[in-house]
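In: Coordinates only, no sequence provided:
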């Protein structure tokens, strides 16, 4: 069980590193400055926010399980037993990973702020926005007629 907890921590660290690399790549390539109004960027940032939120939940669950196992090992064998010391190390690793996760969440918040300051779509500011919700600003039954340059609905027969 201790080995499995250590493997979960390693997988978590790898996923967090993937998120970190993706954010660094966007910053390094200047995407936030050159494509600030790009809806694709907004979608990518929302997707990254969702991934970090999921990692946060996963972190809380795993840390709680490890702390519980540490307590059980300490109660059963004493705090200086090998199993308790092993669980202590894993809890320490999860605590360090929490610091790393919070750092990445702050970096993402900074990126979103930079993107919104650069003219990105307003749904970047709303952490609760979804990709589907972002497109709902225009009613689904409304279409734009390029020929007339006006907004037409399905009720208008002559627009076709």
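Out: The structure has been received and is ready for your questions. All figures in this text were calculated on a predicted structure; none of them were measured in a lab. Numbering: from 1, shown residues only.

In: Next secondary structure after the longest helix along the chain?
Out: Assignment by DSSP state H gives helix 39-77 as the longest helix of the chain. Later in the chain than helix 39-77, the nearest helix or strand by DSSP states H and E is helix 82-117.

In: Now that following helix: buried residues?
Out: 83-84, 86-91, 93-94, 97, 100-101, 104-105, 107-108, 111-112, 115-116 (16 or more other Cβ atoms under 10 Å). Any C-beta I mention is one placed from the backbone N, CA and C, and that applies to glycine too.

In: Show me what it is packed up against.
Out: For helix 82-117, the helices and strands in contact under the criterion 3 or more Cβ pairs under 8 Å, 6 or more residues apart in numbering; DSSP states H and E are helix 2-28, helix 31-34, helix 39-77.

In: Is there a neighbour count for residue 74? I'd like the number.
Out: When neighbours are defined as other Cβ atoms under 10 Å, residue 74 has 17 of them.

In: how about residue 13, what does it touch?
Out: Residues counted as contacts of residue 13 (Cβ atoms under 8 Å, 6 or more residues apart in numbering) are 97, 100.

In: So for it, what pLDDT did the model give?
Out: With respect to pLDDT, residue 13 has a value of 96.

In: And it, how close does it get to residue 74?
Out: Distance, residue 13 to residue 74, using Cβ to Cβ, to the nearest Å: 25 Å.

In: What of residue 51?
Out: 34 Å.

In: And the lowest mean pLDDT element among the helices and strands of the protein?
Out: Ranked by mean pLDDT, DSSP states H and E, the helix or strand of the chain with the weakest confidence is strand 142-145, at a mean of 35.

In: Buried residues, the longest helix of the chain. List them.
Out: Under 16+ other Cβ under 10 Å, the buried positions of helix 39-77 are 41-46, 48-49, 51-52, 55, 59, 62-63, 66-67, 69-70, 73-74.

In: what number of residues lie near residue 79?
Out: Neighbours of residue 79 (other Cβ under 10 Å): 12.

In: and it, what pLDDT?
Out: At residue 79, the predicted lDDT confidence score is 78.

In: which residues does it contact?
Out: Counting by Cβ under 8 Å, 6+ apart, residue 79 touches no other residue.
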